[in-house]
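> Build me a model:
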Amino acid sequence: MTAARQAFTRESAHARRADLIEAAAACLAEHGLAGTNVRAICAKAGVSPGLLRHYFGGIDDLVAATYQATSDRMDAIFAEAVEAAGDDPRARLAAYLTASFRPPVTDPELLGAWTAFWALSRNDPRMAEIHAESYAGYRARLGELLALCGAADAGRLAIMLTAMVDGLWLELSLDPESFGAEAAAAMVERAVGALLP
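From the prediction side, this is the model:
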């Protein structure tokens, strides 16, 4: 009986932490940094401010956890895209790069959260570390995929293609009418075709 109760409590605590992270991401997306505070997050999550402090040391800890959770979610989306592409190295590379141009990565609300995370990473060492690890992981996985396609300088190509994908994703997020997801994917695929042997 005690073990079952402990397992239920752990799941409940995990679910409450996840709800607070989701509420923080939603507040950042809707209101930006200026409008994201304990009261707004707790109202969005439907909990009391004391509960936030129970699960997180404060709003800074919650926002850092939200950035980490969002980065982990994106990593999982990119990994799923690669797995769904089959065994062909070029198809796997294309899937990894172009996943940024499809939902849920193109969700307009995600832009608001990312811009808040990026702004915080300029001055907050913990946020800067999450940012650095997230981007290093993305580039490392991209470098591996490029190497499997025969790229000679996979590390440098990964940096360039990451910047290209980020720029296209940002433009699509800011103005989805300027060019479509298919056009963005075609631009990336053309660049890859020119860069690989």
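> pretty sure V47 contacts E22?
No: between V47 and E22 there is no contact under C-beta atoms under 8 Å: 11.8 Å. All C-beta atoms are positioned from the backbone trio N, CA, C, and that covers glycine.
> any low-confidence regions in this protein?
Scanning the chain for pLDDT under 70 picks out the ranges 1-11.
> contact partners of stretch 175-185?
A94, L97, T98, F101, R102, T106, L168, W169, E171, L172 (C-beta atoms under 8 Å, 6 or more residues apart in numbering).
> Just among those residues, which is most surrounded?
Highest neighbour count within the contacts of stretch 175-185, by other C-beta atoms under 10 Å: L97, with 26 neighbours.
> Would you quantify the distance from S178 to E171?
6 Å (C-beta to C-beta, to the nearest Å).
> Of the contacts of stretch 175-185, which pair is most distant in space?
A94 and E171 (19.5 Å; C-beta to C-beta).
> What about A84, how many residues nearby?
11.
> what sits against G112?
Applying C-beta under 8 Å, 6+ apart, the residues contacting G112 are L28, A29, E30, G32.
> Just say helix, strand or coil for it.
helix (DSSP: H, G, I helix; E, B strand; the rest coil).
> now do P104
Going by three-state DSSP: P104 is coil.
> quick one: contacts for it?
I77, L110 are the contacts of P104 under C-beta under 8 Å, 6+ apart.
> who's in contact with stretch 59-70?
17-18, 20-21, 24-25, 28, 36-38, 41, 52, 56, 110, 113-114, 116-117, 120, 124, 126-127, 130-131.
> Could I have the buried ones of these as PyMOL selection syntax?
The buried subset of the contacts of stretch 59-70, as determined by 16 or more other C-beta atoms under 10 Å, is captured in PyMOL by this line:
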select buried, resi 17+20+21+24+25+28+36+38+41+52+56+110+113+114+116+117+120+124+127+130+131
